[in-house]
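Visitor: Fold the following.
(one chain, ligands or ions: 1)
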Amino acid sequence: MTTPDGLGHTVRVGQLAAPPVESAAGAAAPRAVPGAAPSTAPTAGASGLGGVPQPPSSPVPAALAHAAAGPRYWLAQQPVEAPAVAAPTTPPSTPPSGFNVEAVRRDFPQLHREVNGRPLVWLDNGATTLKPRQVVEAVAEHYSMGTSNVHRGAHSLAKQATQVYEEGRQAAADLLGTQDQGEIVFVRGTTEAVNLVAQSWGRANLGVGDEILVSAAEHHSNLVPWQLIAAERRARIRPIPLLPDGQLDQDAYRDLLGSRTKLVALTHASNVLGTVPPVAEMTALAHRYGAKVLIDGAQAVSHFPVDVTALDADFYAFSGHKIFAPTGIGVLFGKRELLEAMPPWQGGGNMIDSVSFTETTYAPIPHRLEAGTGHIAGVAGLRAALHYLAGLDRAAATAYEEQLTNYAMAALATVPGLRLIGQAPGKIGALTFLVAGTDPIALAGALDQQGIAVRAGHHCAQPALASFGLQSAVRASLALYNTVQDVDALVAALHELQSQ
Ligand code: PMP
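Guide: Residues are numbered from 1 along each chain as shown. Reported below is the predicted structural model:
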């Protein structure tokens with residue numbers, strides 16, 4: 001079967017129909033792969049880098065894996081040298097028990113298609129994740145059989161749709177570790193979540209001279225909304241700078257905190273550097289000054305378990321489409337007392353208690369902050385995605401991704417002239433790099449010709465790139481369904497392009 005791919009090419013579609021296999025999640029337990037399966041994590045020698053010299057199997061020295069911390073308040077005037085020599089970390093010869101990447105891959109139809117005549121290697125998970133068939137089916141089910149609005153109407157389909165919708169809210173509460181469904185507000189995505197807090201909480205709580213600390217690693221969606229409200233309230237944005245390896249400068253952070261600090265905006269995982277800051281400690285510090293903390297979990301939730309109660313986060317945001325769910329749906333978590341004190345941001349249906357020309361009263365949270373008809377099919381898809389994830393062994397998935405990330409960092413370092421941006425310990429698999437003498441956009445285009453999807457540009461994190469003296473870079477970003485073979489395909493293609 002062939003379909004146009006929207007890029008002017010004809011692509012062969014692989015298994016678009018759901019393959020008749022057991023699912024990696026849900027009722028079917030992940031299959032153990034006794035003593036075998038280098039398919040998920042072969043030794044480096046067996047990884048097959050094509051014509052590329054095979055890396056030795058010795059592990060990367062720790063000193064190379066994570067660049068040494070440099071001076072404070074560092075802004076890269078001189079480019080950081082990529083490690084001159086590094087060998088791929090030897091991945092474990094068996095996958096961590098409880099996580100079977102091949103079973104997971106079977107649930108994602110798009111992983112089995114071709115692009116430009118090559119099997120798709122999807123390394124653009126930072127932009128959006130692929131969807132398992134369970135999510136596709138849940139959305140199709142809503143539109144084909146379950147269409148109804150929610151929270152109104154006495155008929156059966158309204159009740160059913162409402163049940164699915166509220167189960168989606170429960171699934172989000174479970175994902176984030178809160179017992180209180182009232183603390184889960186449905187929004188369009190992380191961007192809308194931050195705008196909601198800025199426009200509602202910010203307008204009510206920020207005043208002249210107040211300070212908002214924003215890390216230099218933030219996505220624009222956790223910076224620009226603060227700039228907008230700061231300009232209106234005559235408050236001030238103060239950046240928390242980065243260290244050379246991409247960590248947030250904790251000394252600078254402590255110096256910046258003060259009685260004027262009203263809010264700290266922090267990423268839980270940087271989409272460009274991969275850095276996972278110590279958000280629990282940073283939150284505890286902010287609270288000592290009475291400041292609130294908003295954590296952007298867009299890149300975190302799909303990679304590792306999150307517990308907003310343990311973090312003591314005041315606000316936490318994520319987007320469904322980066323956690324295997326549809327676009328257009330996301331979640332804002334807020335502590336009950338904060339959400340209850342927030343004035344409505346948008347007005348309309350669903351968010352009121354009673355309306356008259358003399359007095360309008362509002363519904364309790366979360367509905368007060370959810371004006372208008374929500375993305376009902378999106379919530380059905382989100383529910384399916386979160387149930388899917390809950391059916392996996394998340395600790396094993398996280399361990400697998402960590403090993404794959406270490407492997408990828410070391411493998412990329414074998415490419416001549418490659419400079420990896422962001423080498424903080426414990427980073428997620430957001431692998432942003434430059435290759436000497438190559439334009440990032442052109443490089444991404446050349447990789448696309450080989451079926452390898454990566455992103456190039458500023459990644460909506462211009463201050464983060466500027467901290468490294470850059471405006472643009474290539475990013476390969478991993479998800480739990482990626483494999484050593486995906487990484488090898490990328491690295492082999494980069495070697496080949498460099499040798500031309
Ligand atoms: N924060 C981070 C860290 C992101 O990676 C992204 C998306 N790239 C966003 C926020 C914005 O997410 P959305 O566009 O889904 O609102």
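
Visitor: okay, CA-based contacts and neighbour counts for the rest of this
Guide: Fine.

Visitor: need the contact list for the residue nearest to residue 150 when sequence neighbours are not counted.
Guide: Of all residues not flanking residue 150 in the chain, residue 162 sits nearest, at 4.7 Å (CA to CA, 6 or more residues apart in numbering). Contacts for residue 162 (CA atoms under 8 Å, 6 or more residues apart in numbering) come out as 149, 150, 151.

Visitor: Quick check, the second one in contact with residue 156.
Guide: No - counting by CA atoms under 8 Å, residue 150 does not reach residue 156; the two are 10.7 Å apart.

Visitor: Looking at the two, which has the bigger crowd around it?
Guide: residue 150 (20 against 11; other CA atoms under 10 Å).

Visitor: Can you check the pLDDT for that one?
Guide: On pLDDT, residue 150 comes in at 95.

Visitor: Would you agree it falls within a strand?
Guide: No - counting by DSSP: H, G, I helix; E, B strand; the rest coil, residue 150 falls outside a strand, being coil.

Visitor: For the stretch 101-250 of the chain, list the residues in contact with the ligand, please.
Guide: 126, 127, 189, 190, 191, 219, 221 (CA under 6 Å from any ligand atom).

Visitor: Repeat the analysis, applying 8 Å as the threshold.
Guide: 126-128, 188-193, 218-222 (CA under 8 Å from any ligand atom).

Visitor: neighbour-wise, which of those leads?
Guide: Neighbour max across these (other CA under 10 Å) = residue 193, 29 neighbours.

Visitor: residues in contact with it?
Guide: Neighbours of residue 193 in contact, by CA under 8 Å, 6+ apart: 187, 317, 318, 330, 331, 332.

Visitor: and the next element down the chain from the one helix or strand in the chain whose mean pLDDT sits lowest?
Guide: Counting by mean pLDDT, DSSP states H and E, the chain has its least confident helix or strand at helix 62-65, which shows a mean of 31. Next helix or strand after helix 62-65 toward the C-terminus (DSSP states H and E): helix 101-106.

Visitor: export that next one as PDB, just CAs?
Guide: C-alpha atoms of helix 101-106 as PDB (Å, rounded to 0.1, in the frame of the first residue of the first chain):
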ATOM      1  CA  VAL A 101      11.000  -2.900  24.000                       C
ATOM      2  CA  GLU A 102      10.000  -5.200  21.100                       C
ATOM      3  CA  ALA A 103       6.600  -5.800  22.600                       C
ATOM      4  CA  VAL A 104       6.200  -2.000  23.100                       C
ATOM      5  CA  ARG A 105       7.200  -1.300  19.500                       C
ATOM      6  CA  ARG A 106       4.500  -3.600  18.200                       C
END
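
Visitor: Could you list every helix and strand that that helix packs against?
Guide: Contact partners of helix 101-106 among helices and strands, from 3 or more CA pairs under 8 Å, 6 or more residues apart in numbering; DSSP states H and E: none.

Visitor: could you give me the average pLDDT of it?
Guide: For helix 101-106, the per-residue pLDDT averages 98.

Visitor: From the chain's centroid, how far away is it?
Guide: Taking the mean of its C-alpha atoms, helix 101-106 sits 20 Å from the chain's own mean (CA atoms, centre = their mean, to the nearest Å).

Visitor: which other helices and strands contact the helix or strand containing residue 476?
Guide: For residue 476, the host element (DSSP H and E) is strand 473-477. With contacts taken as 3+ CA pairs under 8 Å, 6+ apart, strand 473-477 sits against strand 430-435, helix 440-448, strand 455-457.

Visitor: Tell me which helix or strand comes right after it.
Guide: Immediately after strand 473-477, counting by DSSP H and E, sits helix 484-499.

Visitor: Next, the angle from that next one to helix 440-448.
Guide: Per axes from the mean of the first three to the mean of the last three CA atoms, to 10 degrees, the angle that helix 484-499 makes with helix 440-448 is 120 degrees.

Visitor: Report the buried residues of the longest helix along the chain.
Guide: Counting by DSSP state H, the longest helix found in the chain is helix 156-176. For helix 156-176, burial by neighbour count (16 or more other CA atoms under 10 Å) applies to 157-162, 164-176.

Visitor: Just the C-alphas of it, formatted as CSV.
Guide: Output in CSV follows, covering the C-alpha atoms of helix 156-176 (Å, rounded to 0.1, in the frame of the first residue of the first chain):
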residue,chain,number,x,y,z
SER,A,156,-26.8,7.6,28.2
LEU,A,157,-24.1,8.8,25.8
ALA,A,158,-23.5,12.0,27.8
LYS,A,159,-23.1,9.8,30.9
GLN,A,160,-20.7,7.5,29.2
ALA,A,161,-18.6,10.3,27.7
THR,A,162,-18.5,12.0,31.1
GLN,A,163,-17.3,8.8,32.7
VAL,A,164,-14.5,8.5,30.2
TYR,A,165,-13.6,12.2,30.7
GLU,A,166,-13.5,11.9,34.4
GLU,A,167,-11.5,8.7,34.3
GLY,A,168,-9.0,10.6,32.1
ARG,A,169,-8.8,13.1,35.0
GLN,A,170,-8.3,10.3,37.4
ALA,A,171,-5.5,8.8,35.2
ALA,A,172,-3.8,12.2,35.2
ALA,A,173,-4.1,12.5,38.9
ASP,A,174,-2.6,9.0,39.3
LEU,A,175,0.2,9.8,36.9
LEU,A,176,1.2,12.9,38.9
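
Visitor: so how far is it from its chain's centroid?
Guide: The answer for helix 156-176 is 23 Å, by CA atoms, centre = their mean.

Visitor: and what of stretch 436-453?
Guide: Stretch 436-453 sits 22 Å away from the centroid of its parent chain (CA atoms, centre = their mean).
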